[in-house]
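Engineer: sharing a sequence plus its predicted fold:
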Amino acid sequence: MKKLFFVLFISIAVSCQAQNYQLIWSDEFSDSTINTSDWTHETGGSGWGNNELEYYTNRNVNSYIQNGSLVIEAKKESYGGKSYTSARMITKGKRYFTYGKIEARIKLPYGKGIWPAFWMLGENISTIGWPACGEIDIMELIGGGANDKKIYGTAHWESNGHASYGGNYTLGTGIFADDYHVFSIVWNSKTIQWFVDGSKYVTIDITPAGLAAFHKNNFIILNLAVGGNWPGNPDGTTIFPQKMYIDYVRVYQDAATTIDEEESNEPESFMLQNNFPNPFNPETEISYQIAPLNLTKGETSVLVSLKVYDFLGKEVATLVNEEKQSGKYSVKFDTTASGGNKHISSSLPSGVYYYTMTAGAFRETKKMMLLK
């Protein structure tokens, strides 16, 4: 299945685009080792705020690649003063996202005191703390008996203390350890929706001002906890080792999603046009239009900014940043640093990029693809 995915990557991307989604990042776990450019192991046995019993390690007995899946393995063993070991992997500082369809195909562990999770935290947690940073639990399972067939999806935020909202999904037959299932959210500027195998089971409205945390960058976490406040401790029925198999993690973004999705009340003649060609290599042309200005207010020009961002939201080029009068304009975007290119400091790699135009209160973003 892994090889087929890569062979058909372009076709899949086209299909997703037709459905307003395009794959912007994934880890298919097809290499022999964990990709440290995307993932960092968090280690320690502090209880992680939940009185958990495991010691998270970066050892290859607790996390490893096997047959095209990432395996996170919880073991019963003495280590670091704890009676269990496991792994916790994060993309913080490496891969972070605002909005999109975020999913993973996972075969879950089972048993009393077993607590696997696929979730997200605000990238700013180090500066503002939890729960102010926001938390999106895409999937959690607390194992044992009937709980082995039930997963939870929850959002957490700050509202005069800790606030949360979510729901759960129960399999009709079997348990989640029997086979792989796809756990996902669809997250935009208005809602977060939770799905299991494409079936939606809960939605939260995130438009209230108090839920501002859900309009900022989040990083991804995969972990397998043992014990804790919610699942309780393992008992005599719990079998070790327990394994969480992750076939892939994928992030798509809606073609209509912008870095800042606020609607503008400016006239439609303020316009950011699609670049051409798109896809392109190594350069493309971007056109835009400035509306007739309000001369009764003394307006003869407007400050126009046209910037390019990578898919993580990092600015890579400023193409325009000056006062402009009414009219139609175009600018060339050259992705090489040769030939005295003043827009970028080094050549850009292949991938998805966004270009954003602001003119007064007007703001619009479009997407383009560089293929080398």
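Structural biologist: Structure's in. What do you need?
Engineer: buried residues in stretch 188-206, which are they?
Structural biologist: Within stretch 188-206, the residues scored as buried using 16 or more other C-beta atoms under 10 Å are 188-189, 192-196, 201-202, 204, 206. Using the backbone N, CA and C atoms, a C-beta is placed for each residue, glycine as well.
Engineer: actually, stretch 135-153.
Structural biologist: Using 16+ other C-beta under 10 Å as the test for burial, stretch 135-153 gives 135-144, 147-153.
Engineer: repeat that for stretch 164-174.
Structural biologist: Applying a neighbour-count criterion of 16+ other C-beta under 10 Å, the buried positions in stretch 164-174 are 165-166, 168-169, 171.
Engineer: what is the rounded mean pLDDT of it?
Structural biologist: Here stretch 164-174 scores 96 as its mean pLDDT.
Engineer: so what strands line up beside the longest strand seen in the chain?
Structural biologist: Selection of the longest strand in the chain by residue count, based on DSSP state E, yields strand 242-254. The pairing partners recorded for strand 242-254 under DSSP bridges are strand 21-27 (antiparallel), strand 69-79 (antiparallel), strand 100-107 (antiparallel).
Engineer: can you tell me which of those strands is nearest to Phe270?
Structural biologist: strand 21-27 (25.6 Å; C-beta to C-beta).
Engineer: enumerate every residue touching the residue nearest to Ile206 when sequence neighbours are not counted.
Structural biologist: If you skip the residues right next to it in sequence, Ile206 has Phe214 as its closest partner in space, 4.3 Å away by C-beta to C-beta, 6 or more residues apart in numbering. For Phe214, the contacting residues are 134, 136, 155, 157, 187, 192, 206, taking C-beta atoms under 8 Å, 6 or more residues apart in numbering as the criterion.
Engineer: with secondary structure added, can I get those in JSON lines?
Structural biologist: Written out in JSON lines, the entries for the contacts of Phe214 read as follows (DSSP: H, G, I helix; E, B strand; the rest coil):
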{"residue": "Gly134", "secondary structure": "coil"}
{"residue": "Ile136", "secondary structure": "strand"}
{"residue": "Ala155", "secondary structure": "strand"}
{"residue": "Trp157", "secondary structure": "strand"}
{"residue": "Trp187", "secondary structure": "strand"}
{"residue": "Ile192", "secondary structure": "strand"}
{"residue": "Ile206", "secondary structure": "coil"}
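Engineer: centre-most residue in this structure?
Structural biologist: In the chain, the centroid-proximal residue (C-alpha atoms, centre = their mean) is Phe97; its distance is 3.9 Å.
Engineer: pLDDT (mean, whole number) over the helix or strand harbouring Ser126?
Structural biologist: Counting by DSSP states H and E, the element that carries Ser126 is helix 125-128. For helix 125-128, the mean per-residue pLDDT is 95.
Engineer: same thing with stretch 283-302?
Structural biologist: Average pLDDT, stretch 283-302: 70.
Engineer: stretch 307-327 now?
Structural biologist: With pLDDT averaged residue by residue, stretch 307-327 scores 85.
Engineer: now do the buried residues in that stretch.
Structural biologist: With burial defined by 16+ other C-beta under 10 Å, the residues of stretch 307-327 counted as buried are 307-311, 316-317, 319-320, 324.
Engineer: what lies in contact with it?
Structural biologist: Where contact means C-beta under 8 Å, 6+ apart, the residues beyond stretch 307-327 that reach it are 24-25, 95-98, 217, 253, 259, 286, 289-293, 300-306, 329, 331, 333, 343-344, 348, 351-357, 359.
Engineer: please pick the buried ones from the residues you listed.
Structural biologist: Neighbour-count burial (16+ other C-beta under 10 Å) applied to the contacts of stretch 307-327 gives 24-25, 95-98, 217, 253, 286, 289-291, 293, 302, 304, 306, 333, 343-344, 348, 352-357, 359.
Engineer: now the strands for the stretch 251-372 of the chain?
Structural biologist: Using DSSP state E, counting those that start in this stretch, the strands assigned to the stretch 251-372 of the chain run over residues 271-272, 283-290, 302-310, 315-324, 327-334, 351-359, 362-370.
Engineer: the spatially closest residue to Gly122 that is not a sequence neighbour: what's it in contact with?
Structural biologist: Taking C-beta to C-beta, 6+ apart as the measure, Gly122 lies nearest to Cys133, with 3.1 Å between them; neighbours along the chain are not counted. Shown in contact with Cys133 (C-beta under 8 Å, 6+ apart): 121-125, 213.
Engineer: name the SS class of Cys133, please.
Structural biologist: Assigned with three-state DSSP, Cys133 falls in the coil class.
Engineer: cool, the one 4 residues further on as well?
Structural biologist: For Asp137, the reduced secondary structure class is strand; criterion used: three-state DSSP.
Engineer: doesn't Ala117 make contact with it?
Structural biologist: Yes - counting by C-beta atoms under 8 Å, Asp137 touches Ala117, with 6.5 Å between them.
Engineer: tell me where the model's unsure across the stretch 151-300 of the chain.
Structural biologist: Applying pLDDT under 70 to the stretch 151-300 of the chain flags residues 255-269, 292-300.
Engineer: and Asn147, that's in a strand?
Structural biologist: No - counting by three-state DSSP, Asn147 is not part of a strand but helix.
Engineer: how near is it to Thr173?
Structural biologist: Noted for Asn147: a distance of 16 Å to Thr173, by C-beta to C-beta, to the nearest Å.
Engineer: what does Pro279 give?
Structural biologist: Taken as C-beta to C-beta, the spacing of Pro279 relative to Thr173 amounts to 45 Å.
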